[in-house]
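Undergrad: for reference, the sequence and a predicted model appear below.
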Amino acid sequence: MTSASACGKVILFGEHAVVYGRPAIAVPVSQVRAEAVVEPLPDAGDILLEAPDLGRNCWLSEAGADDAIAHLVRLTLKELGISAHGLRITVRSGLPIGRGMGSGAAVSTAIVRALSRHFGAGWPAEKVSALVFEAEKLYHGTPSGIDNTVIAFEAPVYFIKGQPPALLSIGAPLPLLIADTGIFSSTREVVGAVREAHARAPERYEGLFDAIGELVNTARQKLHADDLPALGRLMDENHRLLQEIGVSCPELDALVHAAKGAGALGAKLSGAGRGGNMIALVTPERAAVVEQALRTAGAVRVIFTQVSSPSAEQSRYAVA
Ligand code: MEV
């Protein structure tokens with residue numbers, strides 16, 4: 001039996017604009033994880049895919065071409081050069097689905113890691129990320145690739161679509177609260193709605209994406225300099241720009257407002273928007289008060305996380 005897990009993620013700055021070639025910064029959330037277990041299923045001429053939390057149980061040979069998990073398993077086995085059978089792959093996830101925390105990419109990453117380890121291949125993060133990206137295209141249509149990158153590397157990333165990722169070194173750990181509106185958000189649908197709005201008013205949207213791209217580059221410097229108040233102001237500005245893009249909603253705005261009112265340094269929606277999660281940058285002293293304010297304003301779940309620099313092993317990718 002071989003098991004592997006993968007973290008969740010939040011986007012710190014730059015969602016949506018990243019789909020249009022601007023940079024974005026995403027960070028791992030290590031305490032919420034997806035797990036995959038690969039074990040022998042003697043005498044089975046097929047591979048059983050099980051996701052008990054989703055009530056899913058199917059044979060690989062019977063899964064349709066649009067099934068992202070089956071597609072990923074086939075691709076991974078092809079890459080391993082194995083035509084495996086007699087296996088059970090079980091997936092469990094502690095990540096909320098449709099909340100901008102990368103649940104699909106986390107499940108996919110756990111599966112690729114577990115399968116590659118099971119067959120004795122210890123693949124590097126780039127390779128895991130590239131395979132997961134193929135499944136992401138089935139989940140999300142036109143993903144930028146930021147989710148599979150931050151989750152496969154499990155480190156803060158500065159990401160530009162189509163370019164190798166740069167892992168970010170961060171001054172001191174960054175205390176973040178992640179609050180869930182409880183509203184399902186379909187990345188595919190929200191990205192599609194932005195695409196339509198962009199087609200109707202390209203100049204306006206290009207201007208908004210440019211403003212976000214500039215803000216991301218400033219944020220990268222402030223992260224390195226450990227300037228939390230400046231980062232907080234940039235988060236507020238990023239939220240305002242996302243409102244203009246049309247991807248916020250009253251519930252997200254209420255949580256952002258509550259966090260700021262309780263003393264957060266900055267707050268914004270995170271991920272596709274129109275539901276899902278928001279994030280608030282806090283000082284450790286204010287964390288409990290801001291968390292309570294978020295719950296009072298309707299958050300159904302609040303996670304506290306501290307983002308830190310990539311490990312020494314990962315630092316060959318670090319740039320900042
Ligand atoms: C989703 O986590 C972030 C978006 O920018 C979509 C993408 O980058 O693929 C909304």
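TA: Looks like it came in fine. Residues are numbered from 1 along each chain as shown.
Undergrad: for the closest residue to V29 other than its chain neighbours, what are its contacts?
TA: Nearest residue to V29 in three dimensions, chain neighbours excluded: G8, at 4.2 Å (C-beta to C-beta, 6 or more residues apart in numbering). Every residue, glycine included, has its C-beta placed from N, CA and C. Shown in contact with G8 (C-beta atoms under 8 Å, 6 or more residues apart in numbering): P28, V29, V32, R33, A34, L95, M101, G102, S103, A106, I151.
Undergrad: cool, and R22?
TA: Counting by C-beta under 8 Å, 6+ apart, R22 makes contact with G14, I160, F209, D210, I212, G213, V216.
Undergrad: what number of residues lie near E196?
TA: When neighbours are counted by other C-beta atoms under 10 Å, E196 registers 8.
Undergrad: same thing with the one 4 residues further on?
TA: Close neighbours of R200, defined as other C-beta under 10 Å, add up to 9.
Undergrad: again with Y205
TA: For Y205, the tally of surrounding residues (other C-beta under 10 Å) stands at 21.
Undergrad: tell me the spacing between A225 and T218.
TA: Distance, A225 to T218, by C-beta to C-beta, to the nearest Å: 11 Å.
Undergrad: residues of the stretch 151-300 of the chain that sit close to the ligand?
TA: T187, V191, G271, A272 (C-beta under 6 Å from any ligand atom).
Undergrad: in which helix or strand does the second one reside?
TA: What it means is V191. V191 belongs to helix 187-200 when elements are defined using DSSP states H and E.
Undergrad: that helix - contacts with which helices or strands?
TA: Contact here means 3 or more C-beta pairs under 8 Å, 6 or more residues apart in numbering; DSSP states H and E; on that basis helix 187-200 packs against helix 125-140, helix 202-225.
Undergrad: from the residues of the stretch 151-300 of the chain next to the ligand, which two are the most distant?
TA: With C-beta to C-beta as the measure, no two of these lie farther apart than V191 and G271, at 10.5 Å.
Undergrad: just the helices in the stretch 1-150 of the chain please.
TA: Assigned by DSSP state H, counting those that start in this stretch, the helices in the stretch 1-150 of the chain fall at 68-80, 103-118, 125-140, 146-153.
Undergrad: phi first, then psi, for the closest residue to G45 other than its chain neighbours.
TA: Distance criterion C-beta to C-beta, 6+ apart; nearest residue to G45, sequence neighbours excluded, is H85 at 5.2 Å. Main-chain torsions, H85, degrees, to the nearest 10: phi -150, psi 180.
Undergrad: contacting residues around H85?
TA: Going by C-beta under 8 Å, 6+ apart, H85 touches A44, G45, D46, I47.
Undergrad: do the same with I97
TA: S103, G104, F184.
Undergrad: hmm, back to that, between A225 and T218, what contacts are shared?
TA: Both A225 and T218 lack any common contact, where contact means C-beta under 8 Å, 6+ apart.
Undergrad: who's more crowded, these two?
TA: The neighbour comparison of A225 against T218 (other C-beta under 10 Å) goes to T218, with 15 against 12.
Undergrad: counting by contacts, list what the lengthiest strand in the chain packs against.
TA: Using DSSP state E to define each element, the chain has its longest strand at strand 24-40. Contacts defined by 3+ C-beta pairs under 8 Å, 6+ apart place strand 24-40 against strand 2-13, strand 87-93, helix 103-118, helix 146-153, strand 157-159, strand 174-180, helix 202-225, strand 301-307.
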